[in-house]
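In: pasting a predicted model and its sequence here:
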Amino acid sequence: MADLFTYPFMQRAMIAGLLLSAVAGYYGVFLVQRKLSFLGAGLGHAAFGGIALGLLLGIQPLWIALPFTVLVAAGISWVQNRTRLTGDTAIGIFFSVSVALGILFLSLKSGQQIDAFSYLFGSILSVGSMDVWVSLGLFLVALVTGFTHWAAWAYASFDHEAAEIEGYPVTSHNTLLTSLIAVTIVISVKIVGILLVAAWMVIPAAASRLISPTFRSMTLLSVAFSAFSACLGLIVSFLLDLPSGAIIVLVQSAIFLTALIVQKFQIQS
Amino acid sequence: MISVDNLSVSVGDKNILNQIAFDLPKNGFLAILGPNGGGKSTLIRCVLGLQDYQGRISFADGSAATSVVTRGATGNRHQARTKPGIENIAVGYVPQIKTLDRTFPARAGELVATALYKKWPWRIGAANKVIVEEALQRVGVGHLCHQQIRNLSGGELQRVYLARAIIGNPQILILDEPSAGVDLVGASDLLEIVESYRKDTEATVIMVTHDWEVAFHHASHVLVLKTSQVSFGPADEALTESAIREAFGHVGHSHGVLSGGHHHG
């Protein structure tokens, strides 16, 4: 157990995992409170298209997946704002197109199946030192927005009209939030995988919402749940040689179940 | 107090409001009536600075300075919003309760405190806590300060919103369909609070309502809207049978209000 952290890949996975999970838990409260959980799933699959394109071109997949996913996020809000379609339809379309493109790109490049597999399900072996630095950057950005944007984002989440009346540029605030969520999802894919990245963003916030009386406590608890799940999940994943994403999400789910029981108990008492 | 001149709003090629013009004096109580889709909420959004419009809305505070909000349809909304009018003369706004997210994890006191902090409060300082509690007591729900909003009834939540709206003693109080989603007793209690607030502070009240009785008995002025301005004036002048027929296409229960209308109040 103690020599667990003597492996450099495990150190990287643990540092990146803790930083990213805190960030994911933080943005997750806005995803949950704004009923955007499906956006997380959509952007996760958009990342798949970008990663596949990177693999095809032989470029570091991250650098293709980042702009690709942010672009998809922008496309989703454009369709939502400028056409008669609603957000869930827009997400559904971009989701499918991205996956279709991803499959096409991968089929054009043979012999890369193993790489693609690790992106689908997540692998702690794949976390490089660059991922650690990017995670640290993302964490610092999230920390700054905690002071500069949390109160405005929370206000607009509750009542966007009220935030508009106070003069907040609600639309550009939303774009910033969505872009940061897109970036967080792309960077998280290496650890949790494309298939589970939406759950990774949403479950800690959902569990926290069940038992939080205020939005502040929902935010703090969500970050704590997320970081705890990542820490425990990565250790179990290492010791039992199981896929990290699945284990982390299962730990999150156990917390969610506990929160559900606690909430029922609170209501009865 | 509020002067609306030649106000029009169109979205795409659709007219939402057409050539609205009226003057509401200080301490007036304006009831806005009209069919759904008649532009009632849009007019309120214009007054609140949330909607681009053509024409002019000016707020005048008797002896004090006159501030004017004018915005063309192509005007930059953000720029226009941060400027004028409303900031100088504080406006309190009670939105429709049914459109609110009741699942948001918040206590009633926090909701009221957003009026003080102009953002979602991370924590509420001791001095502000007192102000928030006083505001809630003023509308008779001081005991709800620590309640979560998901546990409140429609009427209670509305009072919390009213407390939030009047915390700074605004000279203009705007309510959007305060009787929607609230039981009858709750609605009439709310009206009493609004009325006594208007008396105490000489504030001007604007209320969108579906309730013709309320318009007839409480309002000093009535505006009937159906994209265009059907009528404006004191209740008995504006709420004529022909105006109601023009707005709603039928006379319906207005007859009872108009002919035998003095049975209450």
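Out: Done, it's in.
In: mean pLDDT per helix and strand in chain B: which one sits at the bottom?
Out: Within chain B, no helix or strand scores below helix B:77-82, which has a mean of 36 by mean pLDDT, DSSP states H and E.
In: right, and the helix or strand after it?
Out: Proceeding N to C from helix B:77-82, the next assigned helix or strand is strand B:91-94, under DSSP states H and E.
In: from the middle of its chain, how far away would the helix or strand following that following strand be?
Out: Next along the chain after strand B:91-94, taking DSSP H and E as the criterion, comes helix B:108-117. Averaging C-alpha positions (C-alpha atoms, centre = their mean, to the nearest Å) puts helix B:108-117 19 Å from its chain's average.
In: what's the answer for stretch A:96-103, then?
Out: 19 Å.
In: which residues touch the residue in the stretch 1-150 of chain A that chain B sits nearest to?
Out: Nearest residue of the stretch 1-150 of chain A to chain B (C-beta to the nearest C-beta) works out as residue A:33 at 6.5 Å. Just so you know, the C-beta spots here come from the backbone N, C-alpha and C atoms, and that holds for glycine as well. By C-beta atoms under 8 Å, 6 or more residues apart in numbering or on different chains, residue A:33 lies in contact with A:157, A:158, A:205, A:209, A:215, A:218, B:101, B:104.
In: if we use 7 Å, what do you get?
Out: Residues near residue A:33 by C-beta atoms under 7 Å, 6 or more residues apart in numbering or on different chains: A:157, B:104.
In: distance check, it against residue A:168.
Out: Separation of residue A:33 from residue A:168 (C-beta to C-beta, to the nearest Å) stands at 16 Å.
In: what do you get for residue A:99?
Out: 35 Å.
In: in terms of neighbours, single out the busier of the two.
Out: Applying other C-beta atoms under 10 Å in any protein chain shown to residue A:99 and residue A:168 shows that residue A:168 carries more neighbours, namely 23 against 16.
In: pop out the phi and psi values for that one.
Out: Main-chain dihedrals, residue A:168, degrees, to the nearest 10: phi -70, psi 140.
In: nearest residue to it other than its sequence neighbours?
Out: Leaving aside its sequence neighbours, residue A:168 sits nearest to residue A:152 (C-beta to C-beta, 6 or more residues apart in numbering or on different chains; 5.1 Å).
In: likewise residue B:202?
Out: residue B:27 is the one closest to residue B:202 (C-beta to C-beta, 6+ apart), at 4.7 Å.
In: look up how far residue A:86 lies from residue A:74.
Out: Using C-beta to C-beta, residue A:74 is found at 17 Å from residue A:86.
In: oops, could you answer that again for residue A:228 instead?
Out: For residue A:228 relative to residue A:86 (C-beta to C-beta), the value is 35 Å.
In: which positions in the stretch 51-200 of chain B make contact with chain A?
Out: For the stretch 51-200 of chain B, the contact set with chain A under C-beta under 7 Å from any C-beta of the partner chain comprises B:78, B:81-82, B:93, B:95, B:100-101, B:104-107, B:110, B:114, B:118-120, B:122, B:148.
In: which of these are buried?
Out: Buried subset of these (neighbour count, 16 or more other C-beta atoms under 10 Å in any protein chain shown): B:81, B:93, B:95, B:100, B:104-107, B:110, B:114, B:118-120, B:122, B:148.
In: okay, among these, which ones form the most distant pair?
Out: B:81 and B:148 (31.1 Å; C-beta to C-beta).
In: any stretches of the stretch 151-269 of chain A with poor pLDDT?
Out: A:267-269 (pLDDT under 70).
In: in the stretch 101-250 of chain A, which spans are helices?
Out: A:113-121, A:129-148, A:150-158, A:160-165, A:170-192, A:197-211, A:215-240, A:244-268 (DSSP state H, counting those that start in this stretch).
In: and among those helices, the most buried is which?
Out: Of all the helices of the stretch 101-250 of chain A, helix A:197-211 carries the top mean neighbour count, a mean of 26, counting by mean count of other C-beta atoms under 10 Å in any protein chain shown.
In: which elements pack onto that helix?
Out: helix A:8-33, helix A:37-57, helix A:170-192, helix A:215-240, helix A:244-268 (3 or more C-beta pairs under 7 Å, 6 or more residues apart in numbering or on different chains; DSSP states H and E).
In: and the strands in the stretch 51-200 of chain B, which stretches?
Out: Assigned by DSSP state E, counting those that start in this stretch, the strands in the stretch 51-200 of chain B fall at B:54-60, B:66-70, B:91-94, B:172-176.
In: could you say what helices and strands the longest one packs with?
Out: I take that to be strand B:54-60. Secondary-structure packing of strand B:54-60 (3+ C-beta pairs under 7 Å, 6+ apart): strand B:2-11, strand B:66-70.
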